[in-house]
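>>> Okay, here's the prediction I keep looking at, along with the sequence it came from:
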Amino acid sequence: MEQDDAVIGCTGEVLVGTRGSGGPGEVLVRVRGGSETFLAWSEEPLPRGARVLVVESRGTRQVDVIAWADPLDELGLGSG
């Protein structure tokens with residue numbers, strides 16, 4: 001499986017909640033000037049609507065994500 005390095009470091013939103021070790025969910029990630037969906041794996045369950053950061057690509061449209069809070073949001077400078 002070839003890694004998709006372009007997606008690492010991108011942010012997105014959980015569409016279908018992840019279940020931690022119980023299985024993947026689905027995320028919508030802003031990448032390549034648009035948005036794409038990926039199967040998403042996380043160490044801890046993440047609910048629908050959670051903001052995430054892609055930390056690894058598993059290839060074949062699968063990524064590892066963590067919960068993400070944009071630090072610029074606290075300053076009123078974030079995009080969301």
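In hand now; what should we look at? Predicted model, so just to flag it, every value in this text is computed and none were measured.
>>> and the nearest residue to residue 26 once chain neighbours are set aside, what does it touch?
In space, residue 26 comes closest to residue 16 once its chain neighbours are excluded; the distance is 4.1 Å by C-beta to C-beta, 6 or more residues apart in numbering. Where you see a C-beta, it was placed from the backbone N, CA and C, and this is true even at glycine. For residue 16, the contact set (C-beta atoms under 8 Å, 6 or more residues apart in numbering) comprises 25, 26, 48.
>>> Surely the first one and residue 44 touch.
No. The criterion here is C-beta atoms under 8 Å, and residue 25 misses it with residue 44 at 11.6 Å.
>>> just to revisit the earlier point, return the members of the contacts of residue 16 classed as buried.
For the contacts of residue 16, a burial check counting by 16 or more other C-beta atoms under 10 Å picks out 25, 26.
>>> Now tabulate the contacts of residue 16 in CSV and tack on secondary structure, pLDDT and distance to residue 34.
Formatted as CSV, the entries for those read as follows, by DSSP: H, G, I helix; E, B strand; the rest coil; pLDDT from 0 to 100; distance: C-beta to C-beta, whole Å:
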residue, secondary structure, pLDDT, distance to residue 34
25, strand, 98, 20
26, strand, 98, 16
48, coil, 98, 21
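>>> Many thanks, we can stop here.
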